[in-house]
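*Asks:* build me a structure from this.
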Amino acid sequence: MELDLGLAQKVLAAQPFSRLLDARITAFGDGVAVLELDIRDELRQQNGFVHGGVLAYAADNTLTFAAGTVAGANLMTAGFTIDYMKPAVGEVLRARAEVVRAGRTRVVCRCDISTLDAEGAETLCAVAQGAIAVGVR
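*Replies:* This next block holds a predicted model:
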């Protein structure tokens, strides 16, 4: 079965937590995946910034989707690191991940997490790198 944007969107829709966040896959293919979600009050911490856990969710899921573009569907995040660089404020949270290296049992990916303001200007808030395990059943 070939993975494409439509199938990636169905996989995301099957994840209860992703539905709770109203996340959406906007790009999927050729080693790249993009996940977006609208920033709303329920996703903020006490200072009004998007909670770091939401950024970590976006990184985790987008890293794995990017790996899926080259390694198929039987994947699981083996681990990732995230560096928060700037408070996340804006209208939309966007995570863009790309494959750095695809191996037989692991795929290494990098993810940039940004916010978009009302005019569409993008601000980089965090970067993540992860290893995705291949062949998980």
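*Asks:* quick check, central residue of the chain?
*Replies:* The centre of the chain sits closest to T62, judged by Cα atoms, centre = their mean, with a distance of 2.4 Å.
*Asks:* for the top helix by length along the chain, buried residues please.
*Replies:* Across the chain, the longest stretch assigned as helix under DSSP state H is helix 52-71. The neighbour-count check on helix 52-71 (16 or more other Cβ atoms under 10 Å) flags 54-71 as buried. Any C-beta I mention is one placed from the backbone N, CA and C, and that applies to glycine too.
*Asks:* pull up the gap between the residue nearest to the centre of the chain and F28, please.
*Replies:* Separation of T62 from F28 (Cβ to Cβ, to the nearest Å) stands at 10 Å.
*Asks:* so what sits against both of those two?
*Replies:* When contacts are counted by Cβ atoms under 8 Å, 6 or more residues apart in numbering, T62 and F28 are jointly contacted by V34.
*Asks:* quick one: the helices in this protein, in order.
*Replies:* Under DSSP H, the chain gives helices at 5-13, 16-21, 52-71.
*Asks:* quickly list what G79 is bridged to.
*Replies:* In this entry, G79 is beta-bridged to A131, by DSSP bridges.
*Asks:* tell me who's in contact with P87.
*Replies:* Per Cβ under 8 Å, 6+ apart, neighbours of P87: 47, 49-50, 125.
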